[in-house]
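Visitor: Build the 3D model from these lines:
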Amino acid sequence: MSDLFADDPAQPAASDEPAADAPLADRLRPRSLEEVIGQDHVTGPEGAIGRMVAAGKLSSMVLWGPPGTGKTSIARLLAAAVGMRYEAVSAVFSGVADLKKAFAAAETARKAGQRTLLFVDEIHRFNRAQQDSFLPFVESGAVTLVGATTENPSFELNAALLSRAQVLILHRLDAEALGQLLDRAEELEGPLPLTPEAKDALIASADGDGRFLLNQSETLYAANIPEPLDPAALGQFLQRRVAVYDKDREGHYNLISALHKAVRGSDPQAALYYFARMLVAGEEPLFLARRLIRMAVEDIGMADPQALPQCVAAKDAYQFLGSPEGELALVQACIYLATAPKSNAAYKAQKAAWKSARDTGSLMPPMNIVNAPTKLMKDVGYGAGYTYDHDAEEGFSGDNYWPEEMEPQSFYDPVERGFEREVRKRLEYWDKLRGERIG
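Guide: All right, here's what the predicted structure looks like:
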């Protein structure tokens, strides 16, 4: 279902008929929860909202989902379904005075025996103090709060407010749900001037946003196009929709996480998809270059020591060439990482060594390997007994390099993959020699 659709709080109640000249999205707004498309997991008989409506009692909730998925419509329909008074405010346009007015009206209605559903659109835009102002009215039952947000409530809403509201996740609309919306539009307005392939392209361009889909459909109807458009002609007629992506918000972190895990999982096809998603959505290429460098040292490391210089070279190439030519260098680095042998042995070794360093404090290294720049230091034993490895048999002395108060540790454990397989052989060989010389 679309946010069938982001209704202005000042508009009439959900049961009122929209004006004949209202936008298509408003005229197709669902009139009951049963008409809501794509959110059966919450609005259906077995969903949280369906069960609340069946019981005739609502609890406060936060509807979390992408744009155009039905948050506003569900709130309106909920109030009508259980006979509650509906009031709405938007965090974009409302301030403290508006909240006080809404709370006062709810208190007055409660005294008259009328319950109030207070819908707060973009609730994450209210600051912490404003969010706290809801608490006493929610606790007293003056309002049943229904908040709507496109942002992760865990990050954007007060813990106290979240503890008093159930978070319900709305899904982006899939192709089937968006197709149902277009069917409703065509029942009302007639066939869209599109070939079947172009209709599929229009649905894909909506990126799960029902409101956007209907707005684009309305544009097509208004243009009085004489012949159906094919996908290429549709792309020329309509502006390309920019992907939903806020570089400082959750979508940013979800995509970079997906990219990193696809590289770690040696899936170059999925890695390229998420890499492209971020670039197409406007991500800064040098941010991706930094992340690729991090992947090279965290997930590949010594299994392929060339991974790091590949990524640094790609970063340099991008800075030299700029966009779009330089992006190919980053793509090459992404493919290299995804297809390289994987090892996090260096990453694990770093964490273990850092912990040991913190735990052991300032233990003195053994006297044979400490610096002895003065005669006095040499006289008291600094540097005594040091074996110059290049003079030892096979270039290996087997000396002990650990503080006397500390047993030798093993932080780095190379895997049996890629170049680290050879490194492991070396370590095992040196351990053998060390054991023989100590023994």
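Visitor: Let me know the helix or strand that the residue positioned nearest the centre of the chain is in.
Guide: Nearest residue to the geometric centre of the chain (CA atoms, centre = their mean): Asn254, 2.4 Å. Secondary structure from DSSP states H and E places Asn254 in helix 250-264.
Visitor: buried stuff in that helix?
Guide: Gly251, His252, Leu255, Ile256, Ala258, Leu259, His260, Ala262, Val263, Arg264 (16 or more other CB atoms under 10 Å). Every C-beta, even on glycine, is put in place using the N, C-alpha and C of the backbone.
Visitor: How much space separates the residue nearest to the centre of the chain from Ile123?
Guide: Per CB to CB, to the nearest Å, Asn254 is found 21 Å from Ile123.
Visitor: what residues does the helix holding Asn254 touch?
Guide: 151-152, 155, 244-246, 270-271, 273-275, 277-278, 281, 283, 288, 291, 295, 299, 334, 337-338, 342 (CB atoms under 8 Å, 6 or more residues apart in numbering).
Visitor: Just the buried residues of the residues you listed.
Guide: Using 16+ other CB under 10 Å, the buried members of the contacts of helix 250-264 are 151-152, 244-245, 270-271, 274-275, 277-278, 281, 283, 288, 291, 295, 299, 334, 337-338, 342.
Visitor: coming back round to it: in strands, which of the contacts of helix 250-264 appear?
Guide: Among the contacts of helix 250-264, no member falls in strands (DSSP state E).
Visitor: Find the nearest non-adjacent residue to Leu321, please.
Guide: Ala329 (7.1 Å; CB to CB, 6 or more residues apart in numbering).
Visitor: sec struct for that neighbour, please.
Guide: Taken by DSSP: H, G, I helix; E, B strand; the rest coil, the conformation at Ala329 corresponds to helix.
Visitor: give me every residue that touches the closest residue to Pro66 other than its chain neighbours.
Guide: Spatial nearest neighbour of Pro66, chain neighbours left out: Arg172 (4.7 Å); criterion: CB to CB, 6+ apart. Residues in contact with Arg172, defined by CB under 8 Å, 6+ apart, are Gly65, Pro66, Thr69, Asp207, Gly208, Asp209.
Visitor: contact partners of the top helix by length along the chain?
Guide: Secondary structure of the chain per DSSP state H: the longest helix is helix 420-438. Helix 420-438 is contacted from outside by 301-303, 341, 343, 345, 394, 396-398, 400, 412, 414-416, using CB under 8 Å, 6+ apart.
Visitor: PyMOL command for the buried members of the residues you listed?
Guide: Buried residues within those, by 16+ other CB under 10 Å, are selected in PyMOL with:
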select buried, resi 301+302+303+341+343+345+397+398+412+414+415
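Visitor: Now the two most distant members of the contacts of helix 420-438.
Guide: Spatially, the most separated pair among these is Pro341 and Asn400, at 32.7 Å (CB to CB).
Visitor: I'd guessed the residue nearest to Leu321 sits against Gly322; true?
Guide: No. Using CB atoms under 8 Å, Ala329 is not in contact with Gly322; the gap is 10.8 Å.
Visitor: Quick one: low-confidence residue ranges for the stretch 301-439 of the chain.
Guide: 438-439 (pLDDT under 70).
Visitor: Now do the strands in the protein.
Guide: 61-64, 85-90, 116-121, 143-149, 166-169.
Visitor: what stretches of the stretch 101-250 of the chain score poorly on pLDDT?
Guide: Residues of the stretch 101-250 of the chain that meet the cut-off, pLDDT under 70, sit at 239-250.
Visitor: now with 50?
Guide: Residue ranges of the stretch 101-250 of the chain with pLDDT under 50: 242.
Visitor: before we move on, back to that, wait, what's in contact with the residue nearest to Leu321?
Guide: The neighbours of Ala329, taking CB under 8 Å, 6+ apart as the test, are Ala313, Ala314, Ala317, Tyr318, Leu321.
Visitor: Quick check on the residues you listed: which are buried?
Guide: Looking at the contacts of Ala329 with 16+ other CB under 10 Å, the buried ones turn out to be Ala314, Ala317, Tyr318.
Visitor: how about those residues in a markdown table, adding distance to Phe119?
Guide: Shown next, in a markdown table, are the buried ones among the contacts of Ala329 (distance: CB to CB, whole Å):
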| residue | distance to Phe119 |
| --- | --- |
| Ala314 | 48 |
| Ala317 | 51 |
| Tyr318 | 46 |
